Structures are given as C-alpha cells and as structure tokens.
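>>> take a look and give me a structure for this.
(one chain, ligands or ions: 1)
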Amino acid sequence: MLKPTATENQSVIGRFAPSPTGPLHLGSLVAALGSYLKAKSAGGLWYLRMEDLDLPRVVPGIADDMLATLEKLGFQWDGEVVYQSRRNEYYREAAEQLVRRRLAYACGCTRSEIAQIASAAHDEGLVYPGICRDGLPPEKVERALRVKVYDEVVSFEDCIMGRYSQHLTASCGDFVIHRADGPYAYHLAVVVDDAAAGVNQVVRGADLLGSTPRQIYLQRVFQYETPDYCHLPLVTGPDGAKLSKKDHAVSLAAGRDLARDGGLLLASALRFLGQAPPASLKDASPAEVLHWGVANFDASAIPRASAPFVEL
Ligand SMILES: [Zn+2]
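Predicted structure coming up:
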C-alpha cells in the first residue's frame with residue numbers, strides 16, 4: 001500500500017504559547033488544556049512556545065516553573081520549547097521585508113500626539129491617524145515601525161466564537177510592529193513563529209480574539225497560510241468580573257499538591273470547557289484525565305461565555 005504523502009495527510013499542529021510574566025494560572029490552564037485536546041484528539045502535534053519577548057516584564061525562573069507545572073499535570077509537548085527571546089533575527093528579517101516592500105514605515109509620534117489627533121479610542125487602543133504614513137516629518141525621530149493597513153474588513157470563522165470581523169482602518173489603523181526602544185510586537189512575532197513551526201491550529205483565550213484580524217492581515221501580507229482559530233471562554237472571578245493582573249499572579253500550584261490534586265484540577269478544567277468527565281475521574285491521575293479528555297473531546301460543547309472556574 002502506498003503511504004500518503006505529507007500533503008495528503010496533513011497533520012494538525014497546535015500550540016500553547018504562554019507569557020512567562022507570571023506563574024501558570026487557571027486561565028492559562030484552560031488555554032493549555034483546550035489547545036492540547038483540540039490538537040491531540042485530531043492525532044496532531046502540540047508545541048510549546050514561551051512568549052518572552054517583552055523582557056522587562058518577564059520574571060526570571062517563571063518559564064521553568066511553568067514547564068514543571070505542565071509536566072506535573074501530565075502534559076507532554078512535541079519537540080523543543082521555542083523561546084521568542086531567541087528569535088529576534090527572524091522578526092527583524094520580517095520587518096525589514098515589509099519596509100523594503102513599502103508596507104511598513106517609520107513613525108515618530110508620541111502616544112499623547114496620537115491621542116490628540118485620534119478620532120476615537122477603540123477596544124484595541126487608539127486608532128493611529130496616519131500622521132507619518134507619507135514620510136517621517138523632519139522634526140521627528142523614529143519611535144516605531146508601523147505596518148500600513150488598507151480600507152478592508154478582515155473576517156474569519158472562529159470554531160467557537162463564530163464569525164468575527166474587524167475593519168482595520170477603523171479599529172486600529174496602521175499598527176506598530178516594532179518599537180525603536182523595545183521588542184518586536186506580539187502580532188509580528190506570533191505570525192512569524194506560527195508560520196515557521198507550521199502551526200495550523202491556534203487555540204487560545206478569547207482576550208486575543210480582537211487581535212486576530214491584525215495577525216490574519218500580516219499572514220496575508222507574508223503569504224502565510226491562515227491557521228484555524230478557536231478562542232476559548234475566559235475564566236472570570238467568582239462574581240463574574242474580569243480577572244485582574246493580581247488574580248493572574250496567583251499560581252495554579254499555590255497551596256496545591258499537584259501530584260495529588262492535578263487530576264481533579266484537570267477534570268474541573270474539562271468541565272469548564274463544556275466536557276462531561278465522569279465522576280470516577282475525580283480521583284484519577286492527571287495522565288488518566290488527559291487520556292479521557294483526548295478520547296472524548298467534543299469541541300462543539302465548549303461554551304462561548306466567560307465564567308468562573310468551579311473546582312469539582
Ligand atoms: Zn507617526
């Protein structure tokens with residue numbers, strides 16, 4: 001029998017990409033589990049990437065701590081962990097390509113200058129009014145590199161949230177891909193990294209839904225394939241309110257013996273994702289709970305609405 005070629009049998013490649021700016025919390029557990037189940041239930045690969053580009057915010061030791069927590073919870077990732085902080089040359093190359101193609105330009109505006117002119121602040125921040133689009137004004141120095149967006153609506157079908165559309169000109173305008181005194185922007189880095197790794201399935205928290213059209217826009221500019229997107233419901237506080245940075249600073253592992261309680265925590269996360277683990281799994285090991293989750297995963301049962309995390 002002939003073996004199928006790689007293109008005929010294209011495997012799912014998913015990933016989990018936390019920022020090591022604080023320990024793994026319940027929201028990151030949900031994103032880890034959701035991305036793992038979606039990839040593994042399709043027989044695919046699951047990669048791990050540390051989004052540690054914003055070095056001043058990265059807390060030393062946290063990345064290793066996250067890996068240790070994931071291991072205790074029974075997660076096994078494929079391949080080597082990718083660290084964005086070691087991939088600057090690829091982001092630079094991508095940004096330079098955009099400059100060469102006249103799709104990116106130097107901007108010398110300060111935040112307050114933009115705030116004065118911007119017609120409105122949008123969910124995604126201030127809409128850049130295009131001051132430097134036709135050349136850096138002589139009195140200004142370069143502060144950032146912006147990519148040009150055109151008057152078009154970017155739409156995609158999210159596997160959980162449904163159809164999502166954004167008019168880039170109206171919601172953000174030409175957006176920053178690099179700051180002169182800082183790292184390459186998140187949008188540029190994730191697009192470059194996902195393409196380099198062949199990632200074709202992005203499962204992550206719904207807080208990133210609004211940034212997806214900018215990433216799809218960059219994928220089109222670079223002629224990369226657009227992955228499938230699934231944005232998971234967010235974990236809220238018990239009162240339904242959005243979790244704060246302080247809440248996120250509380251480690252998942254704090255006050256817990258993951259060797260003992262890891263299975264229960266994963267079963268609770270399965271429930272949060274709309275899955276129906278049997279009561280018998282409450283006492284199971286993390287590996288057993290993950291095994292059940294992969295075998296019984298039903299993406300269509302994942303709710304859209306944010307909710308508190310209820311521990312079983
Ligand atoms: Zn400007």
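>>> ok, how many other residues are close to T110?
Using other Cβ atoms under 10 Å, T110 is surrounded by 11 other residues. For the C-beta atoms, the positions are set from N, CA and C on the backbone; glycine is no exception.
>>> now the nearest residue to it once chain neighbours are set aside: phi and psi?
Nearest residue to T110, sequence neighbours excluded (Cβ to Cβ, 6 or more residues apart in numbering): R143, at 7.0 Å. The phi/psi pair for R143 (degrees, to the nearest 10) reads phi -110, psi -30.
>>> what sits against R143?
By Cβ atoms under 8 Å, 6 or more residues apart in numbering, R143 lies in contact with 107-110, 179-181.
>>> near the ion, which residues of the chain are found?
107, 109, 131-132 (Cβ under 5 Å from the ion).
>>> and those residues, which two are furthest apart?
Largest separation among the residues of the chain next to the ion by Cβ to Cβ: C107 and I131, giving 7.4 Å.
>>> hang on, the earlier thing: sort out for me which of the contacts of R143 are in strands.
The members of these that map onto strands under DSSP state E are 107, 179.
>>> if any of the contacts of R143 are buried, put those into a PyMOL selection.
The buried residues among the contacts of R143 can be selected in PyMOL (16 or more other Cβ atoms under 10 Å) with this line:
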select buried, resi 107+108+109
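>>> just checking, R204 is part of a strand?
Yes - the assignment for R204 is a strand, going by DSSP: H, G, I helix; E, B strand; the rest coil.
>>> beta partners of it?
Assessed by DSSP bridges, R204 has beta-bridge partners H231.
>>> my guess is it meets A32, correct?
No - judged on Cβ atoms under 8 Å, R204 makes no contact with A32 at a distance of 10.0 Å.
>>> what's the burial count for S41?
Counted by other Cβ under 10 Å, the residues lying close to S41 total 16.
>>> find the nearest non-adjacent residue to it, please.
In space, S41 is closest to F297, 4.0 Å off (Cβ to Cβ, 6+ apart).
>>> the one you found and Q116, how far apart?
From F297 across to Q116, the span is 50 Å (Cβ to Cβ, to the nearest Å).
>>> and these two? Which one has more around it.
Taking neighbours as other Cβ under 10 Å, F297 and Q116 compare with F297 leading, 20 against 10.
>>> test my guess that the more buried one contacts K38.
Yes - in this structure F297 lies within contact range of K38 using Cβ under 8 Å: 7.2 Å.
>>> which SS class is whichever residue of the stretch 201-312 of the chain sits closest to the ion?
Minimum separation of the stretch 201-312 of the chain from the ion (Cβ to the ion) falls at R214, amounting to 17.6 Å. Put simply, R214 is helix when judged by three-state DSSP.
>>> show the end-to-end separation of stretch 245-259, please.
27 Å (Cα to Cα, to the nearest Å).
>>> where are the low-confidence patches of the stretch 151-300 of the chain?
For the stretch 151-300 of the chain, the stretches flagged by pLDDT under 70 are 249-250.
>>> hmm, 90 instead?
Counting by pLDDT under 90, the stretch 151-300 of the chain contains low-confidence ranges at 180-182, 237-260, 282-283.
>>> and the helices in it?
For the stretch 151-300 of the chain, applying DSSP state H, counting those that start in this stretch gives helices covering 168-171, 186-197, 212-221, 245-248, 258-272, 286-296.
>>> for the third one, the distance to its chain's centre please.
Looking back up the chat, that one is helix 212-221. Taking Cα atoms, centre = their mean, to the nearest Å, one finds the center of helix 212-221 at 14 Å from the center of the full chain.
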